[in-house]
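1. Mind folding the following:
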Amino acid sequence: MENLLLADRTVVSIYNVLSDPKNGDNRISIYLSPYMGEPIVGITAGGWKVRLTGKVVRNGAYDAWIERDDPSRGRVRTQWRLPSFFGPDTFVDHSTLSSLACGPRVIGVANLDEARELLNASSSQGPTRDGRMKPEIAAPGTGIVAACGFDSQNKWIEMTGTSMASPYVSGVAGLMLSLNPQLTAAQIGGVIQRTSQPLPGSGYEWQNGSGFGVIDPGACLREVVRMVQPVDDLTDSLQKRMKGKS
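-> Down below sits the predicted model:
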């Protein structure tokens, strides 16, 4: 770890992790922080360039991303923390999923604007860094009205984002488990993908923005019932045969 105070009083912190336990890759994290002394000095606006120098280079490949960085107020009401972004020459329109959505048994969900039948522009895209097909599914996440648990004066809140689309999919998964509590995460994900419906103009193949299509809750539940039904039918048939022989 290294902390540097630059001439403009921006604080730069660099963390290096060799062979990250989650994936075995090397990871470098860079944080830019305002100087919080008196007076407070914000981060200098403008372009920042990161140069990587390797002592031994195998293939030279690397991936860079910026974790979620929404605007928020600072300690003083007149101060704001503003989001950062990649320059036009380095930004790519794919593989923008957050790290949480990239887990092997996690269902990555895209934000669907249901009224317009298209993805919300804010929804991140796949695939993962190692080429896996994520997100898996799209669900309504634009203009969603839900219960508000943070303000006693307001019972309801309207929000847009995958933070609203993901609970939709979680609810469907919960209903599937209510029909068959023995379902595994892999089975739930497989059913959700297998029963999805393509967006207008798209086919059934995986898309880097919408995954395998739009979730179909009713089809998911029917598929869970169908997974159990053949076993019941077979049992009934065997019982009838045994009665016939006795």
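2. show me the residues around the closest residue to residue 1 other than its chain neighbours that make contact.
-> Distances taken as CB to CB, 6 or more residues apart in numbering put residue 15 closest to residue 1, at 5.2 Å, once the chain neighbours are dropped. (Each C-beta comes from the backbone N, C-alpha and C, glycine too.) By CB atoms under 8 Å, 6 or more residues apart in numbering, the contact list for residue 15 reads 1, 28-31.
3. The same query, at a cut-off of 10 Å, please.
-> Shown in contact with residue 15 (CB atoms under 10 Å, 6 or more residues apart in numbering): 1-3, 27-31.
4. that's a strand at residue 228, yeah?
-> No: using DSSP: H, G, I helix; E, B strand; the rest coil, the assignment for residue 228 is helix, not a strand.
5. pretty sure it is touching residue 176, no?
-> No: between residue 228 and residue 176 there is no contact under CB atoms under 10 Å: 11.4 Å.
6. For these two, indicate the residue with more neighbours.
-> Per other CB atoms under 10 Å, whichever of residue 228 and residue 176 has more neighbours is residue 176, with 22 against 12.
7. give the contact list for the residue nearest to that one when sequence neighbours are not counted.
-> Of all residues not flanking residue 176 in the chain, residue 224 sits nearest, at 5.0 Å (CB to CB, 6+ apart). Counting by CB under 10 Å, 6+ apart, residue 224 touches 175-180, 183, 187-188, 191, 195.
8. Make JSON lines from these and add pLDDT to it.
-> Shown next, in JSON lines, are the contacts of residue 224 (pLDDT from 0 to 100):
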{"residue": "175", "pLDDT": "97"}
{"residue": "176", "pLDDT": "97"}
{"residue": "177", "pLDDT": "97"}
{"residue": "178", "pLDDT": "96"}
{"residue": "179", "pLDDT": "95"}
{"residue": "180", "pLDDT": "95"}
{"residue": "183", "pLDDT": "96"}
{"residue": "187", "pLDDT": "96"}
{"residue": "188", "pLDDT": "97"}
{"residue": "191", "pLDDT": "97"}
{"residue": "195", "pLDDT": "97"}
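9. Going by secondary structure, residue 126 is in what exactly?
-> Under DSSP states H and E, no helix or strand contains residue 126.
10. I meant to write residue 110 there.
-> Using DSSP H and E, the element containing residue 110 is strand 109-113.
11. So in that sheet, which strands flank that strand, and in what orientation?
-> Strand 109-113 has its sheet partners listed here by DSSP bridges as strand 118-119 (antiparallel), strand 137-140 (parallel).
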